[in-house]
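# What follows is a predicted structure for the sequence shown.
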Amino acid sequence: MTIVQSGYEQKANNLYETEAWATEALLRQMPDISGLSILEPAAGNHKIADVLRKRRAKVWTADIMTYARNHDLIQDFLSATGHINDAIITNPPYGAGNRTAVKFVEKALELCPGYVAMLLTAKFDFGKTRLHLTRDNPRFMKKIALVDRIQWFPGDTSGTEDHAWYVWGPAISGGYSKLLAYEGRAA
């Protein structure tokens, strides 16, 4: 399969809304999240947060700006301080060469000793400059490859790139066996 350019012109703070099925695919591979406090730091219009709330999670939304829905906090996540004990789940901005996504993952792991789940490009783990986040990271648990493509914008076309959820867990002695799972739209 060839990845093709979408022809879409990217803009600063552009809104990429994650389809509900993609978050549901993550949750099929995660422990029960009911009752957990979860930060969604790139919340956009709360598409991920809405799915998490349906699973009875307590979700706090934040973003660098307001889109159509208000957030609990307006902030640049990369400047955030403090701790989020249970989980951070988001579709972060990627930036050129995934450099912004790397910073998001690093910041989330710094702030959260619990679960961290990031929706990233399927090849995110291929970069040798990111091995500290995946292969060499004892908290890295799982990559959940999405076998269906996400449609980011309205219309009849599907997405032009493959994505996966990357999941880190609480620190445990000896680290985790790295798992690869496959998910897609529910049948």
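Yep, that arrived.

# Poorly predicted segments of the chain, please.
Where the chain drops to pLDDT under 70, the residues are 1-14, 153-159, 187.

# swap the cut-off to 80 and go again
Where the chain drops to pLDDT under 80, the residues are 1-16, 152-160, 187.

# and the longest helix for this structure?
Looking across the chain with DSSP state H, the single longest helix is helix 99-111.

# Buried residues of that helix, list them for me.
Using 16 or more other C-beta atoms under 10 Å as the burial criterion, the residues of helix 99-111 that qualify are Ala101, Val102, Phe104, Val105, Lys107, Ala108, Leu109, Leu111. Bear in mind the C-beta positions are built from the backbone N, C-alpha and C, glycine included.

# Tell me how far it lies from the chain's centre.
The gap between where helix 99-111 is centred and where its chain is centred comes out at 11 Å by C-alpha atoms, centre = their mean, to the nearest Å.

# coming back round to it: can I get the buried residues of helix 99-111 in JSON lines with distance to Leu120?
Shown next, in JSON lines, are the buried residues of helix 99-111 (distance: C-beta to C-beta, whole Å):
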{"residue": "Ala101", "distance to Leu120": "6"}
{"residue": "Val102", "distance to Leu120": "9"}
{"residue": "Phe104", "distance to Leu120": "9"}
{"residue": "Val105", "distance to Leu120": "8"}
{"residue": "Lys107", "distance to Leu120": "14"}
{"residue": "Ala108", "distance to Leu120": "12"}
{"residue": "Leu109", "distance to Leu120": "14"}
{"residue": "Leu111", "distance to Leu120": "18"}
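
# now, which of those residues sits nearest Arg130?
Nearest to Arg130 out of these is Val102 (C-beta to C-beta; 6.0 Å).

# residues contacting that closest one?
Thr129, Arg130, Leu133 (C-beta atoms under 8 Å, 6 or more residues apart in numbering).

# Excluding chain neighbours, give the residue nearest to the first one in space.
The reference is to Thr129. Val102 (7.7 Å; C-beta to C-beta, 6 or more residues apart in numbering).

# got the contact list for Asp86?
Contact analysis of Asp86 by C-beta under 8 Å, 6+ apart lists Leu36, Ser37, Ile38, Cys112, Gly114, Tyr115.

# for Asp32, same thing?
Going by C-beta under 8 Å, 6+ apart, Asp32 touches Arg55.

# For it, give me the backbone phi and psi.
Torsion angles at Asp32 (phi, psi; degrees, to the nearest 10) stand at phi -60, psi 130.

# Over to Thr23?
Dihedral angles (degrees, to the nearest 10) for Thr23: phi -70, psi -40.

# neighbours around the closest residue to it other than its chain neighbours, how many?
Of all residues not flanking Thr23 in the chain, Val51 sits nearest, at 4.0 Å (C-beta to C-beta, 6+ apart). Neighbours of Val51 under the rule other C-beta atoms under 10 Å: 21.
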